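Chemist: need a structure here:
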Amino acid sequence: MSRMLEKSEEVSESVTWEDQSMINTFSKLVARLNNTEEDLKLQTQEKEYLDDLEGELELADDDELVMYKVGDTFAHLPLLVAKSRLTGKRREVESECDKLEADVSGIRDDMEKLKVKLKSKFGDSINLDA
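Modeler: Next up, the predicted model:
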């Protein structure tokens with residue numbers, strides 16, 4: 001909830017162009033963090049689906065044809081071929097998850113650096129909660 005600052009809490013510092021630039025950068029980082037976390041959530045969910053599918057394929061007979069989604073259609077593939085494709089897809093998703101986790105960490109580090117600089121100048125008169 002927002003509240004008005006008391007007279008004693010107000011900071012009389014003026015906002016310079018550099019300060020405004022840091023505030024804008026922080027705002028952009030917040031938006032980028034939200035988008036990256038959403039992408040990470042989707043990739044993690046995809047990884048869970050692939051893990052479940054891998055478990056299901058373990059129960060199938062080796063000579064059985066399985067339905068495998070290729071683009072917008074499904075194709076009948078031998079079980080070993082489907083498992084191979086699935087393993088490759090899972091590796092891609094895991095790699096993407098690792099990249100997104102590193103991006104989230106980097107964005108948070110950048111945000112923390114900006115937060116320290118801005119809080120040191122403006123104190124409690126600036127709200128940088130993401």
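Chemist: mind listing the helices for this protein?
Modeler: Shown for the chain, the helices assigned by DSSP state H span residues 17-58, 79-122.
Chemist: quick one, what contacts the spatially most central residue of the chain?
Modeler: In the chain, the C-alpha nearest the mean C-alpha coordinate belongs to residue 37, at 2.4 Å (CA atoms, centre = their mean). For residue 37, the contact set (CB atoms under 8 Å, 6 or more residues apart in numbering) comprises residue 104. In this view, the C-beta of every residue, glycine as well, is placed from N, C-alpha and C.
Chemist: mind running it again at 6 Å?
Modeler: By CB atoms under 6 Å, 6 or more residues apart in numbering, the contact list for residue 37 is empty.
Chemist: Now do it, the pLDDT please.
Modeler: You'll see residue 37 listed with a pLDDT of 98.
Chemist: Which residues does the worst-scoring helix or strand of the chain on mean pLDDT contact?
Modeler: The weakest-scoring helix or strand in the chain, judged by mean pLDDT, DSSP states H and E, is strand 65-70 (a mean of 89). With CB under 6 Å, 6+ apart as the test, strand 65-70 has contacts from 74, 75, 76, 77, 79, 82.
Chemist: now that we have those, which one has the most neighbours?
Modeler: Sorting the contacts of strand 65-70 by how many neighbours each has (other CB atoms under 10 Å) puts residue 82 first, at 20 neighbours.
Chemist: where are the low-confidence patches of the protein?
Modeler: Scanning the chain for pLDDT under 70 picks out the ranges 1-13, 130.
Chemist: Show me which pair in the contacts of strand 65-70 is furthest apart.
Modeler: The two members of the contacts of strand 65-70 with the most space between them (CB to CB) are 74 and 79, at 14.8 Å.
Chemist: one step back: any idea which of the contacts of strand 65-70 is closest to residue 62?
Modeler: residue 79 (5.6 Å).
Chemist: check contacts around that closest one.
Modeler: Contacts of residue 79 (CB under 6 Å, 6+ apart): 60, 62, 64, 66.
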